[in-house]
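Engineer: Kindly return the folded structure for what I paste below:
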Amino acid sequence: MRKQHPPDAIGWKCLARAVSDVAAMGGVPRCFLLSLALPSSHTGRWLDQFLGGLRRASRRFGCTLAGGDTTRQERILINVSVVGEVRAGRAIVRSGARPDDLIYVSGRLGEAELGLRLLRSGKVKTDEKDPCVKKHLYPEPRLRLGHWLAENRIATAMMDLSDGLSSDLPRLCAASGVGARIEETKLPVVKLPARFARGGVDPLKLALDGGDDYELLFTVPKGKGRLVPGSLEGVNLTRIGEVTRKKKIILGQVGGLTRKLMPRGWDPFRS
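Structural biologist: Numbers count the residues shown, from 1 in each chain. Next comes the predicted model:
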């Protein structure tokens, strides 16, 4: 985790990340396993705060600690595995998208990345109420949306947006053996504070390449598009494009121009 994260946010976020994968299949989290290695210097206040954030997230997501392991290590290493449940035949995977399906995203993209930039600027604190900072530090997996899509058999494919739309959409398309065209004018981009708007920060780039949003990216058959509401329990749902037969990822631009969408989201192996 980045140094901008307080220990309780690290605990929350570790569980939220794993729970988001369950949400992306339409499942319900039941329990989790925690493997933790840390130096003796972090067994006091740091550990108490970390476990406090983990406990709050556990209660929030209805996911109980079922076991794991703790050991000593020079560096902090954290592994969280969540066990979830979904009704037989209702799980939504990445490989179900078909040509002409409609592509949707939940929420507003780029908010978590903007929250990180706000923290790095040093002009906000981790305990401030800024919604973008909160989304970066304490993300809310879209459990109810994922479960609703699965129970009503609406989505054909789904995954969470952890690494950014430009990196995650190609993964969904590759699993399904299809391509996609999305429209930049339809993307639910983040609203920039004045100081960032003047500083050359591009909300479109944040929406395409920013990670850690943990929103849901899902596809829906054209005939079921009318069943997708504009919002569900306060979370906006936006149609951003269509699945194509040609295995290319295309971004439609203002004025009718198009360009190939390059994966420029988070990549831990990128130098």
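Engineer: Grab the nearest non-local neighbour of the residue of the chain positioned farthest from its centre.
Structural biologist: Most distant residue from the mean C-alpha position of the chain: residue 40, 32.6 Å away (Cα atoms, centre = their mean). Excluding its sequence neighbours, the residue lying closest to residue 40 (Cβ to Cβ, 6 or more residues apart in numbering) is residue 72, at 6.6 Å. Every residue, glycine included, has its C-beta placed from N, CA and C.
Engineer: any idea how far that neighbour is from residue 36?
Structural biologist: Residue 72 sits at a distance of 10 Å from residue 36 (criterion: Cβ to Cβ, to the nearest Å).
Engineer: Of the two, give the one with the bigger neighbour count.
Structural biologist: In this view residue 72 and residue 36 are compared by other Cβ atoms under 10 Å, and residue 36 has more residues nearby, 20 against 9.
Engineer: ok, what's across the strand from that one?
Structural biologist: Residues in a beta bridge with residue 36, per DSSP bridges, are residue 70, residue 78.
Engineer: Verify the stated contact: it with residue 73.
Structural biologist: No: applying Cβ atoms under 8 Å as the test, residue 36 and residue 73 come out as separate, 9.1 Å apart.
Engineer: tell me, what's touching these two both at once?
Structural biologist: Residues touching both residue 36 and residue 73 by Cβ atoms under 8 Å, 6 or more residues apart in numbering: none at all.
Engineer: got a list of what the residue nearest the centre of the chain touches?
Structural biologist: Compute the mean C-alpha point of the chain, and by Cα atoms, centre = their mean the closest residue is residue 214, 1.4 Å away. Applying Cβ under 8 Å, 6+ apart, we find residue 214 in contact with 16, 17, 20, 112, 139, 140, 141, 142, 160, 161, 162.
Engineer: Equivalent analysis for residue 86, please.
Structural biologist: Contacts of residue 86 by Cβ under 8 Å, 6+ apart are 25, 26, 27, 28, 150.
Engineer: show me where the stretch 151-271 of the chain has strands.
Structural biologist: Assigned strands in the stretch 151-271 of the chain, in chain order: 157-161, 179-183, 215-220, 231-232, 235-244, 249-252, 258-260 (criterion: DSSP state E, counting those that start in this stretch).
Engineer: coming back round to it: if you look at the contacts of residue 214, which of them are in helices?
Structural biologist: Cross-referencing those against helices under DSSP state H gives 16, 17, 20, 112.
Engineer: Closest one to residue 220 out of these, please.
Structural biologist: Distances from residue 220 to the ones in helices among the contacts of residue 214, taken as Cβ to Cβ, are shortest for residue 20 (19.8 Å).
Engineer: I'd guessed the closest one sits against residue 160; true?
Structural biologist: Yes: with contact defined as Cβ under 8 Å, residue 20 reaches residue 160; the gap is 4.5 Å.
Engineer: joint contacts of these two?
Structural biologist: Common contacts of residue 20 and residue 160 (Cβ under 8 Å, 6+ apart): 141, 142, 214.
Engineer: nearest residue to the first one other than its sequence neighbours?
Structural biologist: Nearest in space to residue 141, with sequence neighbours left out and distances taken as Cβ to Cβ, 6+ apart, is residue 20 at 3.9 Å.
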